[in-house]
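Engineer: 3D model of this:
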Amino acid sequence: MKIIDSHQHFWNPSRGDYFWMSKDDKTLFRKYGVNDLLKESSTTDLLKTVLVQAAPSNQETEYMLGIADSTDLVAGVVGWIDFENINQINQLKIFSEHPKLVSIRPMIQDIKDVDWMLNKNFNKIFNSLIDLDICFDALGFPVHLDNFYEIAKTYENLKIVVDHLMKPKICKNDKDEFNDWKNKISKLSELDNVYCKFSGMVTEACDNWTEEDLRPYYEVVLNAFTDKKIMWGSDWPVCKLRTDYKGWLNSSKNLTKDLSLNEKENIFYHNVIKFYKLKI
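Structural biologist: Next up is the predicted model:
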């Protein structure tokens, strides 16, 4: 079964704009490039990837688009613009001229103001995304789900994908937190313009995680979004905090083993092409 990874990163900490990355983190604080991914995924059926931003700067988006120009492995790029600067609409138009720019992702999980995305001044930027046929990657935590629902409802022609199931706390999560996340993400799934990435789960789980720890969250998302609106992503190299590329892929295959071949192909291949309009 051919696989398109809907969510992975390449970065070089020496560029200086990965503010969230600790220099003491021996796993993440190093350069990751195309050859690293090819080596780690060499025994898988990985065909293409979508490269996702990891720094809040236009320069990193240019860096990623440059990588996309240099390799056929990258089929799409999720970039970044400064929503708080209305002049960035011009930058968005420039980025949109690149054939592999498919989406924009503000780093909402790192913004202290939970209601930041509801700023009325962002209206022109959201409408520009729609006009330019660029998607929106929703990065955040369960506390942001209500606001993402409001955005998705307001801009019904904006294609939105929830990154990492909206990062529910899988490690030592309690019943109330689980049910709150379940109810809100299920409500969000009812909107036709919202998809979900089956990614980022292992880093929200405990160090000694098992597939059974992940299963309740996977089942909620599968029931809510169905195989028609879910796309698999590795979140590599962040996933290396818990496992390697093949380890997460194998766990994902185990979690989806009861699905039909057609349903699996939707999750691991077709949906990402449809959502981002990838040219494969």
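Engineer: okay, CA-based contacts and neighbour counts for the rest of this
Structural biologist: Noted.
Engineer: How about the secondary structure of the closest residue to Y276 other than its chain neighbours?
Structural biologist: Spatial nearest neighbour of Y276, chain neighbours left out: V102 (5.8 Å); criterion: C-alpha to C-alpha, 6 or more residues apart in numbering. When classified by DSSP: H, G, I helix; E, B strand; the rest coil, V102 comes out as strand.
Engineer: give me every residue that touches V102.
Structural biologist: V102 makes contact with 76-78, 96, 134-135, 276-278, according to C-alpha atoms under 8 Å, 6 or more residues apart in numbering.
Engineer: One more pass at 6 Å, please.
Structural biologist: By C-alpha atoms under 6 Å, 6 or more residues apart in numbering, the contact set of V102 is 76-78, 134, 276.
Engineer: out of the residues you listed, which are buried?
Structural biologist: Buried members of the contacts of V102, scored by 16 or more other C-alpha atoms under 10 Å, are 76-78, 134, 276.
Engineer: What score does the closest residue to S251 other than its chain neighbours have for pLDDT?
Structural biologist: With sequence-adjacent residues excluded and distances taken as C-alpha to C-alpha, 6+ apart, S251 is closest to E211, at 6.4 Å. E211 carries a pLDDT value of 98.
Engineer: measure E211 to I81 for me?
Structural biologist: Separation of E211 from I81 (C-alpha to C-alpha, to the nearest Å): 36 Å.
Engineer: Neighbour count for those two, which is higher?
Structural biologist: Taking other C-alpha atoms under 10 Å, E211 and I81 do not tie; I81 has more neighbours (22 against 15).
Engineer: How many residues are close by the residue nearest to N12 when sequence neighbours are not counted?
Structural biologist: Spatially, and ignoring its direct neighbours in sequence, N12 is nearest to K31 (4.3 Å; C-alpha to C-alpha, 6+ apart). When neighbours are defined as other C-alpha under 10 Å, K31 has 12 of them.
Engineer: K31 contacts S14, correct?
Structural biologist: No. Between K31 and S14 there is no contact under C-alpha atoms under 6 Å: 8.1 Å.
Engineer: follow-up on the earlier one: what's the pLDDT at the residue nearest to Y276?
Structural biologist: 98.
Engineer: immediately after the helix or strand A152 falls within, which helix or strand?
Structural biologist: Element membership of A152, judged by DSSP states H and E, is helix 145-154. Proceeding N to C from helix 145-154, the next assigned helix or strand is strand 160-162, under DSSP H and E.
Engineer: chain center to that following strand, what's the gap?
Structural biologist: How far strand 160-162 lies from its chain's middle: 8 Å, per C-alpha atoms, centre = their mean, to the nearest Å.
Engineer: For the stretch 51-200 of the chain, give me the ranges with low pLDDT.
Structural biologist: The model of the stretch 51-200 of the chain has no residue with pLDDT under 70.
Engineer: In it, mark out all the helices, start to finish.
Structural biologist: With helices called from DSSP state H, counting those that start in this stretch, the stretch 51-200 of the chain shows them at 58-70, 88-96, 123-131, 145-154, 175-189.
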